[in-house]
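A.B. asks: build me a structure from this.
(2 chains)
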Amino acid sequence: GQQVMQIPQYQHVQEGEDFTTYCNSSTTLSNIQWYKQRPGGHPVFLIQLVKSGEVKKQKRLTFQFGEAKKNSSLHITATQTTDVGTYFCAGHMDSNYQLIWGAGTKLIIKP
Amino acid sequence: DAGVTQSPTHLIKTRGQQVTLRCSPKSGHDTVSWYQQALGQGPQFIFQYYEEEERQRGNFPDRFSGHQFPNYSSELNVNALLLGDSALYLCASSELWGDDGEKLFFGSGTQLSVL
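C.D. replies: Next up is the predicted model:
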């Protein structure tokens, strides 16, 4: 069936280091969205990418959508403690209202 | 401007019982989606309601049913509860044509424990 694979499952970083999470879809996506879920919280929308090869930035966060619209990445520069949480990608397939979610990447800041 | 509200926040049931969860969408939103999120996993799509009808359904059994009311609020019903139904149930609202586009706004969820 339709799947969105997300890696890694966890990433431990020192504060100030960079963080990246990757998503790959088995089929072409019409768009991809990214959400952040803090521990004990609910997913919060970060961004939506629609165009092939699109790159968007939000301060220290950079989002990319692949040329084939099958993969995406989120890169955080110089992580801060406020970045802690699980980052999910979620994509729409064409003519489909259902969002297919990745399993998430948990960002853990080492003490 | 109220966001998405869900009730109750926590619920404990026993196997075989039935449960009803409620959701009020963000003001101006007409579409409600329900998700099940097990601990440490991503949200799994249950179904989506638009104009009081189920528009799309994920891979969940018929024990899971829902309803949308004329004011766009929604209910999720689960019959014959199983231990494996224990999870966080999230409601998300959206609007297809509007400033918010296709982004989902989530409620804080209902934590269901089945004993």
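A.B. asks: from now on I want contacts and neighbour counts done on CA atoms only, so please keep to that.
C.D. replies: Will do.
A.B. asks: tell me how many other residues crowd the residue nearest to residue A:92 when sequence neighbours are not counted.
C.D. replies: Residue nearest to residue A:92 in three dimensions, not counting chain neighbours: residue A:99, with 5.0 Å by Cα to Cα, 6 or more residues apart in numbering or on different chains. By the measure other Cα atoms under 10 Å in any protein chain shown, the count of residues near residue A:99 is 21.
A.B. asks: near chain B, which residues of chain A show up?
C.D. replies: Residues of chain A lying close to chain B by Cα under 8 Å from any Cα of the partner chain are A:33, A:41-45, A:48, A:88, A:97-104.
A.B. asks: out of those residues, which are inside strands?
C.D. replies: Counting by DSSP state E, the part of the residues of chain A next to chain B found in strands is A:33, A:44, A:45, A:48, A:88, A:99, A:100, A:101.
A.B. asks: ranking by neighbours, what's the top pick from those residues?
C.D. replies: If you count neighbours using other Cα under 10 Å, the busiest of these is residue A:88, which has 28 neighbours.
A.B. asks: please verify my assumption that that one contacts residue A:36.
C.D. replies: Yes: if you go by Cα atoms under 8 Å, residue A:88 and residue A:36 touch, sitting 6.3 Å apart.
A.B. asks: for chain B, which residue gets nearest to chain A?
C.D. replies: With Cα to the nearest Cα, the shortest gap between chain B and chain A falls at residue B:42, namely 4.5 Å.
A.B. asks: what's near enough to touch the closest residue to residue A:61 other than its chain neighbours?
C.D. replies: Of all residues not flanking residue A:61 in the chain, residue A:76 sits nearest, at 4.6 Å (Cα to Cα, 6+ apart). Residues in contact with residue A:76, defined by Cα atoms under 8 Å, 6 or more residues apart in numbering or on different chains, are A:18, A:19, A:20, A:60, A:61, A:62.
A.B. asks: buried subset of those residues as a PyMOL selection?
C.D. replies: The PyMOL command for the buried members of the contacts of residue A:76 (criterion: 16 or more other Cα atoms under 10 Å in any protein chain shown) is given here:
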select buried, chain A and resi 19+20+61
